[in-house]
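> next come a sequence and a model predicted from it.
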Amino acid sequence: MNKKVICLGNINLDLIMKKSGPRKGAPLFQARLGGSTTNTAVLLRALGVPVAFVSAASPDFLGSSLIALLRNKKIDTSRVLREKTFKTPLAFASINRKGDSSYAFYDPVCPHFASAASLLPDELLRNARVFHIGSFFSYADATHELVLECVKKAKRRGLLVTYDPNWRKNRIGDTKTARKRIRAILPYVDILKLSEHDALGMTGQRSLDKAIGGINSIFRGEMFVTRGEKGSFCLNGKEKISCPAFKVKVIDTIGAGDAFTAGLIYRYLSRGKEVFLNDRKEDLVFASAVSALVCTHEGATDGLKGVEQVRDFLERHCERSSRSNLIL
């Protein structure tokens, strides 16, 4: 597949707390490459999609090691800026007995940097089909204006814009401002991927129906909503198309939503826009399979080995009559 995806977002260092450390009562942390958009980029690459990553990284050994990991995944990092004043964001994760994850974030204050013109040159956009954004990077104080500028430029150049806001309340100081910044992005988005938590957080509503209604008042693209073990759904006009979650042994849920997004983007690129829009049920099933595979391993990306693995999974879990449109 030669249809490149451009991903714009944070590059985090994820520190996942293990059950026990070398000393009794002392936690042990496993360090991994992380960040919502970063995870989606790595997962897309595992599916065989060329990816260019746009971001900033610290000039120290942490930034260098994270960039090296992206390069080892064959991701284009030529547009990752090395800023002297930029510090690597840290995300601490704790996994409960069910495999669900909770987070504590440490985001260093960074200055405004770069511009859409320098980060998204015309030659990069010419070779791309999809522009993906997400996470705190899209509504943080230092980066929200840059993200909106980049989204508008990508949209003008005819790229499909996908967005996963990845709402994390404990990472946000001013929720009112964050919601306003997300609303400014939505009119330019073609595919919006949300968790139920995202929908409630970014609208301030207490019920999912009211949250979806509020989003639909300003959003005109395709909306896909994940609900963990309750499955997922998309909205086709007034019609709601639902898909149950695959039943797998969950090790942890880190990266599950990012994997779902990668599955949607892969379906769009491999099937084409018209088929993608006409086969929303199959889109949900394929994305759910990618997400389920990620949940069967530790970390956000190790569970996905490639497209053949997804095909084998669907062969085992789907009825024969429904496989033809799923197994690509």
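Good, I have the coordinates.
> gap between the spatially most central residue of the chain and Glu123?
The centre of the chain sits closest to Asp258, judged by Cα atoms, centre = their mean, with a distance of 3.6 Å. Per Cβ to Cβ, to the nearest Å, Asp258 is found 27 Å from Glu123. Glycine gets a C-beta too; all of them are placed from N, C-alpha and C.
> for Gly158, grab phi and psi.
Per-residue torsions, Gly158: phi 90, psi 10 (degrees, to the nearest 10).
> so how far is Ala128 from it?
10 Å.
> same thing with Ser102?
With Cβ to Cβ as the criterion, Ser102 and Ala128 are 35 Å apart.
> looking at these two, which one has more neighbours?
Taking other Cβ atoms under 10 Å, Ser102 and Ala128 do not tie; Ala128 has more neighbours (20 against 11).
> the more buried one and Asp122: what is the separation?
With Cβ to Cβ as the criterion, Ala128 and Asp122 are 11 Å apart.
> off-centre distance for the lowest-mean-pLDDT helix or strand in the chain?
Least confident element among the helices and strands of the chain, by mean pLDDT, DSSP states H and E: helix 116-119 (a mean of 77). Centroid displacement of helix 116-119 relative to its chain, using Cα atoms, centre = their mean, to the nearest Å, is 22 Å.
> which stretches of the stretch 201-328 of the chain have low pLDDT?
237, 319-328 (pLDDT under 70).
> run through the strands of it in chain order.
222-226, 232-236, 239-243 (DSSP state E, counting those that start in this stretch).
> check the stretch 1-150 of the chain too.
4-8, 12-17, 29-34, 51-57, 76-82, 90-95, 101-106, 128-134.
> distance of Asp198 relative to His144?
The value you get for Asp198 to His144, if Cβ to Cβ is used, is 16 Å.
> next up, the contacts around the residue nearest to the centre of the chain.
36-37, 39-40, 43, 134, 164, 294, 300 (Cβ atoms under 8 Å, 6 or more residues apart in numbering).
> rerun at 7 Å
The contact partners of Asp258, by Cβ atoms under 7 Å, 6 or more residues apart in numbering, come to 36, 39-40, 43, 300.
> can I get those in a markdown table including distance to Asp14 and neighbour count?
Output for the contacts of Asp258, formatted as a markdown table (distance: Cβ to Cβ, whole Å; neighbours: other Cβ atoms under 10 Å):
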| residue | distance to Asp14 | neighbour count |
| --- | --- | --- |
| Ser36 | 11 | 27 |
| Asn39 | 9 | 31 |
| Thr40 | 14 | 34 |
| Leu43 | 14 | 29 |
| Ala300 | 7 | 30 |
